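> sequence? don't have it. structure:
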Ligand SMILES: Nc1ccn([C@@H]2O[C@H](COP(=O)(O)OP(=O)(O)OP(=O)(O)O)[C@@H](O)[C@H]2O)c(=O)n1
Ligand SMILES: C[C@](O)(CO)[C@H](O)COP(=O)(O)O
């Protein structure tokens, strides 16, 4: 983990956007542009502090925006910027509290920086002290000097993006020197270059666009529409979970496995009816949807679940699965028991599980094995079960 502080710049006027107001407040997919950008950093646990640079006239409006659309990070200091972008960065640098961390400087107008890019940049800054995201230029670039056109060697050209990341002392010194000399660059790495130092390029993405003109707004809308489509397709896929459970065999208890009471001299010990197989399947379902395990949902300290019918617990779990929009793909499970002999009960157990999960029989597979007299199961001290559950998204949900 390579922690950093982020300065996000939003103090410009967005004149080239021709929106009649600062582009940072324009709505993109129901969220203001600047909130998209802040959220990208707020989602990154490596980002420990954020400074949002606003312009003085919009300070109150920005404050309200942060309240109306909380980006998910408490530590955002709002400071007023300056006339030029570089003045705004300097104001941001002066507002940073923890100067031990590297600083990422980012345009508020670049909402699509990804977590993966942030982390690659952070690691490079840690190693090299100064780095920036950039992409190879895809157009041929001509330099026009009076009437003379020169074609630059495209292989050597990179389009600089943000964030650009630096050790605090280095970037502070670079900005201080630029202020003193009245030098203005178009990015922060260029100020570091003025110190005779170099920033390392970290290959970014062409999606990390800076919303500058009205056409960029259309590109951003279509990028977000594609993302939504991608998320939908992703959630239309599969989730997998596995479960494992053990219960002790003891006298004076019923031996209930897969909802079927099996005649045996001992039964399974537990707070509920101790149905080792249904617990395992329920755990696998919860695992598949990222909902922990049955201990979290049905604590064994809760009297409500004393001697509870595990069939009901599994039905409850499967209702949660359905609420989340999933249906059963299939279950494959194994009972690990030296005794009782499971074979005569396998089909009944299978049918019972299918009924509890409201699934076709062919989606349920139940197996049993001994452990060849090895271990606790082999000594008939207990019974274990394991299961794998595949869920698939219900396209209707
Ligand atoms: N004095 C300034 C100028 C710019 N920025 C910020 O720097 C980023 C990159 O600048 P740019 O895209 O040029 O934004 P604007 O300056 O707002 O746009 P324009 O040049 O079209 O007016 C933007 O997030 C902008 O808000 C800033 O914080 N302070
Ligand atoms: C910093 C920058 O985003 C790198 O591409 C760019 O130089 C900012 O330029 P702007 O004219 O201030 O938008």
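Everything's here; your move. Worth saying up front: this structure is predicted, and the values here are computed from it rather than measured. Ligands and ions are numbered 1, 2, ... in the order given.
> Quickly find the element holding the closest residue to residue 394 other than its chain neighbours.
Using CB to CB, 6 or more residues apart in numbering and skipping residues adjacent in sequence, the residue nearest residue 394 is residue 327, 4.7 Å away. For the C-beta atoms, the positions are set from N, CA and C on the backbone; glycine is no exception. Assigned by DSSP states H and E, residue 327 belongs to strand 326-336.
> Could you do residue 5 as well?
strand 4-9.
> That strand near ligand 2 at all?
No - Strand 4-9 does not reach ligand 2 (CB under 6 Å from any ligand atom); its nearest approach is 8.4 Å.
> And the strand holding residue 327, what does it pack against?
Counting contacts by 3 or more CB pairs under 8 Å, 6 or more residues apart in numbering; DSSP states H and E, strand 326-336 packs against helix 276-288, helix 310-323, strand 364-369, strand 382-393.
> right, and residue 249 touches residue 381 too?
Yes - between residue 249 and residue 381 there is a contact at 6.1 Å, judged by CB atoms under 8 Å.
> Tell me which of these two has more neighbours.
residue 249 (24 against 14; other CB atoms under 10 Å).
> Kindly state the beta-bridge partners for the more buried one.
Taking DSSP bridges as the rule, residue 249 bridges to residue 268.
> Direction included, what does the strand holding residue 5 pair against?
strand 47-54 (parallel), strand 103-107 (parallel).
> Please tell me how far the closest residue to ligand 2 within the stretch 201-350 of the chain sits from residue 47.
Using CB to the nearest ligand atom, residue 210 is the residue of the stretch 201-350 of the chain that sits closest to ligand 2, at 5.2 Å. Distance, residue 210 to residue 47, using CB to CB, to the nearest Å: 20 Å.
> again with residue 19
28 Å.
> cool, and residue 337?
From residue 337 to residue 47 the distance is 51 Å (CB to CB).
> one step back: quick one: which of residue 19 and residue 47 has more around it?
Using other CB under 10 Å, the more surrounded residue of residue 19 and residue 47 is residue 47, with 21 against 13.
> which residues does the nearest residue to that one once chain neighbours are set aside contact?
With sequence-adjacent residues excluded and distances taken as CB to CB, 6+ apart, residue 47 is closest to residue 41, at 4.6 Å. Neighbour list for residue 41: 6, 8, 47, 50, 73, 104, 106, 118 [criterion: CB atoms under 8 Å, 6 or more residues apart in numbering].
> rewinding a little: would you mind finding the most buried of the helices and strands packed on strand 326-336?
helix 276-288 (a mean of 27; mean count of other CB atoms under 10 Å).
> what angle sits between the helix or strand harbouring residue 224 and strand 326-336?
Residue 224 is located in helix 214-235, with elements delineated by DSSP H and E. Here the directions of helix 214-235 and strand 326-336 differ by 40 degrees (axes from the mean of the first three to the mean of the last three CA atoms, to 10 degrees).
> buried residues in helix 214-235?
216-217, 220, 223-224 (16 or more other CB atoms under 10 Å).
> Please apply the same query to stretch 288-304.
288-289, 291, 293-294, 297-298.
> What ranges in the stretch 251-397 of the chain fall below the confidence cut-off?
Applying pLDDT under 70 to the stretch 251-397 of the chain picks out residues 395-397.
> typo on my end, it should be the stretch 51-200 of the chain
Residues of the stretch 51-200 of the chain meeting the criterion pLDDT under 70: none.
> ranges for the strands of it?
76-80, 103-107, 130-136, 142-145, 148-151, 158-166, 200-203 (DSSP state E, counting those that start in this stretch).
> Show me which parts of the first one are buried, residue by residue.
The neighbour-count criterion (16+ other CB under 10 Å) identifies 76, 78-80 as the buried residues of strand 76-80.
> any chance of those in JSON lines, plus distance to residue 280?
As requested, these are exported to JSON lines (distance: CB to CB, whole Å):
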{"residue": "76", "distance to residue 280": "45"}
{"residue": "78", "distance to residue 280": "52"}
{"residue": "79", "distance to residue 280": "55"}
{"residue": "80", "distance to residue 280": "59"}
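> for those residues, which one is nearest residue 203?
Closest approach between the buried residues of strand 76-80 and residue 203, by CB to CB: residue 76, at 28.8 Å.
> can I assume that closest one is in contact with residue 37?
No - using CB under 8 Å, residue 76 is not in contact with residue 37; the gap is 11.7 Å.
> what's the closest non-adjacent residue to residue 95?
residue 79 (4.3 Å).
> and the one you found, how far is that from residue 285?
As for residue 79, its distance to residue 285 is 49 Å (criterion: CB to CB).
> Please apply the same query to residue 328.
For residue 328, the distance to residue 285 - CB to CB - is 8 Å.
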